[in-house]
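S.K.: got a predicted structure plus its sequence, pasted below:
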Amino acid sequence: MRTKKVNRYYCEFCPKAGCSASHMARHERGCTKNPNRICRVCGLLEQEQPDLTLLVAMWPDISQMVTNGIFNAEAHQIVGATLPAVREAAGNCPACIMASLRQADIPVPFVYGFNWTTEMDGVWREFNASRTESY
């Protein structure tokens, strides 16, 4: 029988784990649960990263609007009404919006009008278009 002992590295902010110290260090720098995160999407878009504490403070506290683990309709309306202001303050950066949601303990799928996949598709289209213009 063979055995192998390996080091396992864990993010201090979320449940992510891995066997590479450098990979986990990179993850921790940009982890959406890290209050001092460095946003790589803002860097990609060449825009200034917004203050994450201000973005988190913009979201309402919806913890009192839960019944049997289900958010009520009022919570959906309040969060939906807050999204445009947060989007503007975040410079329309999907990663900063998602980080503020996660740190405010609002489930990302709960927010109507925000879809991580489609938002990032738009970011990549914009980035690739700007690269082809420069050639």
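M.R.: Arrived safely.
S.K.: show me the contacts for T82.
M.R.: Counting by Cβ atoms under 8 Å, 6 or more residues apart in numbering, T82 touches 58-60. Every residue, glycine included, has its C-beta placed from N, CA and C.
S.K.: ok, 10 Å please
M.R.: Listed by Cβ atoms under 10 Å, 6 or more residues apart in numbering, the contact set of T82 reads 58-60, 62, 104, 106, 111.
S.K.: okay, now the unreliable bits of this protein?
M.R.: Scanning the chain for pLDDT under 70 picks out the ranges 134-135.
S.K.: that older thread, in helices only, show me the contacts of T82.
M.R.: Residues of these located in helices (DSSP state H): M58.
S.K.: I only care about the contacts of T82 that end up buried; give me the PyMOL line for that.
M.R.: Buried residues among the contacts of T82 (16 or more other Cβ atoms under 10 Å), as a PyMOL selection:
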select buried, resi 59+62+104+106+111
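S.K.: outline the domain layout of the chain.
M.R.: As given by automatic domain parsing, the domain ranges for the chain are 1-31, 39-133.
S.K.: just the CA trace of stretch 81-99, in CSV.
M.R.: Extracted as CSV, the C-alpha positions of stretch 81-99 are listed here (Å, rounded to 0.1, in the frame of the first residue of the first chain):
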residue,chain,number,x,y,z
ALA,A,81,-34.7,48.8,-6.4
THR,A,82,-31.2,49.1,-4.9
LEU,A,83,-29.4,47.3,-7.8
PRO,A,84,-29.2,50.3,-10.2
ALA,A,85,-27.6,52.5,-7.6
VAL,A,86,-25.1,49.8,-6.6
ARG,A,87,-24.4,49.1,-10.3
GLU,A,88,-23.6,52.8,-10.9
ALA,A,89,-21.4,53.1,-7.8
ALA,A,90,-19.5,49.9,-8.9
GLY,A,91,-18.8,51.3,-12.3
ASN,A,92,-20.9,48.4,-13.8
CYS,A,93,-18.2,45.9,-12.7
PRO,A,94,-19.9,42.5,-12.2
ALA,A,95,-17.3,41.2,-9.8
CYS,A,96,-17.6,44.2,-7.5
ILE,A,97,-21.4,43.9,-7.6
MET,A,98,-21.2,40.2,-6.8
ALA,A,99,-18.6,40.8,-4.0
